[in-house]
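J.: Sequence and predicted structure, then a few things I'm wondering about:
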Amino acid sequence: MVQRLAPLADRRVLGVLTTTVVAFTGIYVPYTYLSAVYEPATDGQGGRLAGLLLVFGVAGTVGNLAAGHFTDRRSPRRVVIAGTLLLAAVLLLVPALRGSYATALPAVAACGVFSFTVTAPQQHLIMGYAPACTQPMVASLNQSALYLAVSLSGAAGGIALDAAGAALLPPLAAALAVAAAGLTWWYGRADAPAGPRPVR
């Protein structure tokens, strides 16, 4: 058991796991309470809500594929930072876009795309930090962190919903997405090349 959890001694692995929890808590807060967030647009109609869920799912697939493409060609850390910051920007616009179905659809689509730009690069990062013998374990730990985030999103979203209503959920999620971008930058500093010292 101790050997299996040995990767947790690596600060970089802990950083990826922490970022996964924060990022996906932010992603799943508005998704878990999608019916409440977009109730003004759906007017309680199940068909309209199903349409939003379908759009989110298809857009998420597009985002996941795009993230894999860019992760292979650029720094996975940059993909996470760009994806979470773009997601935060969209989420901050959601309160203004949730009032009609015509504006809710593109808002949900954008959220779906940027939400799932995080999965592939996070998995890429954590696998790269682990020796080959522990890669299956760190991959499992990353998935466990994601499932923990799903649970936390339900609790955090429920508290915010009771306290201030559905309009608070997108800004709360945006704050978590920005925090995930900050954590990705912070934990990635150790991997950055030092570079030449300035001449004085």
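T.: That came in fine, so what should we check first?
J.: so how far is stretch 128-143 off the chain centroid?
T.: Relative to its parent chain, stretch 128-143 has a centroid offset of 20 Å by C-alpha atoms, centre = their mean, to the nearest Å.
J.: Can we start the residue count at 35 from this point?
T.: That works, and once the first residue is 35, the last one we named lands at stretch 162-177.
J.: Give me the contacts around that stretch.
T.: Here stretch 162-177 makes contact (C-beta atoms under 8 Å, 6 or more residues apart in numbering) with 38-42, 44, 46-47, 50-51, 54, 156-157, 160-161. For every residue, glycine as well, the C-beta is placed using N, CA and C.
J.: Return the set of buried residues in that stretch.
T.: Neighbour-count burial for stretch 162-177 flags 163-164, 168, 171-172, 175-176 (criterion: 16 or more other C-beta atoms under 10 Å).
J.: Just read off the phi/psi values of Q79.
T.: Main-chain torsions, Q79, degrees, to the nearest 10: phi -90, psi 120.
J.: ignore the last one, S109
T.: Per degrees, to the nearest 10, the backbone of S109 is at phi -70, psi 130.
J.: and it, how many residues sit next to it?
T.: 16 (other C-beta atoms under 10 Å).
J.: for the protein, which spans come out with low pLDDT?
T.: Applying pLDDT under 70 to the chain flags residues 35-40, 167, 224-234.
J.: follow-up on the earlier one: for S134, state which of the buried residues of stretch 162-177 is nearest.
T.: Nearest to S134 among the buried residues of stretch 162-177 is N176, at 37.7 Å by C-beta to C-beta.
J.: Among the contacts of stretch 162-177, pick out the one closest to V89, please.
T.: Nearest member of the contacts of stretch 162-177 to V89, counting by C-beta to C-beta, is Q156, at 23.7 Å.
J.: Nearest residue to that closest one in space, ignoring adjacent ones along the chain?
T.: Distance criterion C-beta to C-beta, 6 or more residues apart in numbering; nearest residue to Q156, sequence neighbours excluded, is T54 at 5.4 Å.
J.: Can you tell me how far the one you found is from A75?
T.: Distance, T54 to A75, using C-beta to C-beta, to the nearest Å: 30 Å.
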